[in-house]
Each structure stands twice: as structure tokens, then as C-alpha cells.
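K.L.:
Below is the structure, and that's it, no one-letter string:
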């Protein structure tokens, strides 16, 4: 994924995701880590995700992940289309989080691309 930073600088960012099936069998995001390659936080997130995946009772299929990624991408585009309308963008973002992230299933590790050490992971909605 290419990310456009301050001043139009284009950087390569990595996105790491982890999923869980909720009680209804819907896929929910439990880990969302985006950052720059080689970052210490990325390695730590991969280790945490691997440990959680090994404890999972029901495997998630590639088809489920690809479907989810399509839904997630569509929601990101909708948020971007609200450019200039902050309240609409926030409304769409909240709806996306409530629909696609697994906060109702337990802690979600969420790390924005440019997070710093103090804001590395956000565990609550």
C-alpha cells in the first residue's frame, strides 16, 4: 500500500490484519496494524497475531478474508468521499468500526500508520 504523507511524499506502508468469527459467523477485524516496513511494532504485532491465531478454534478462509477486504476498502472509499464534510466522514467511520471491527468480541489492536510510541495501539473503540 502506498501512503501519501506530509508534503505529498509517497511512502510504502504495510498493513497487517487479524480476524475472528463472531457468534453469527461474521468476520470481524481484531488486529489492524499499518506502518512502515521493518518497524519494531510491526514485528511485535505479527507475533501477537500468530499467538492468537494458534489459539483460534475455527479457521478463517481466504474467501472470507477477500470478501471482508472488499467491504473494508469500500468503506474507506466512502469515508474519503466525505472530504470536506467532517461530520459525515466521522459518521461513516463510526459505522465502519461498529460493522467491521471486533470490539464486541474482545480487545482490538488498532495501530494507525503514523502512530508514535505513546499512541502505538488503540485498544478501545
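P.N.:
Everything's here; your move. These figures come from a predicted structure and were not determined experimentally. Numbers count the residues shown, from 1 in each chain.

K.L.:
Helix or strand: which one has residue 16?
P.N.:
Secondary-structure element containing residue 16, defined by DSSP states H and E: strand 14-21.

K.L.:
Can you name the element that comes right after that strand?
P.N.:
Per DSSP H and E, the first helix or strand lying C-terminal to strand 14-21 is strand 27-35.

K.L.:
Taking strand 14-21 as reference, get the angle to that next one.
P.N.:
For strand 27-35 against strand 14-21, the angle by axes from the mean of the first three to the mean of the last three Cα atoms, to 10 degrees is 160 degrees.

K.L.:
Show me what strand 27-35 is packed against.
P.N.:
Using 3 or more Cβ pairs under 8 Å, 6 or more residues apart in numbering; DSSP states H and E, the elements in contact with strand 27-35 are strand 14-21, helix 40-55, helix 62-81, strand 109-111. Every C-beta, even on glycine, is put in place using the N, C-alpha and C of the backbone.

K.L.:
Out of the ones you listed, which gets the lowest mean score?
P.N.:
Within the helices and strands packed on strand 27-35, confidence is poorest for helix 40-55, with a mean of 60 (mean pLDDT).

K.L.:
Check the separation of the first and last residues in stretch 100-107.
P.N.:
Across stretch 100-107, the terminal residues are separated by 14 Å (Cα to Cα, to the nearest Å).

K.L.:
Surely residue 83 is within a helix?
P.N.:
No - with DSSP: H, G, I helix; E, B strand; the rest coil as the criterion, residue 83 is coil rather than part of a helix.
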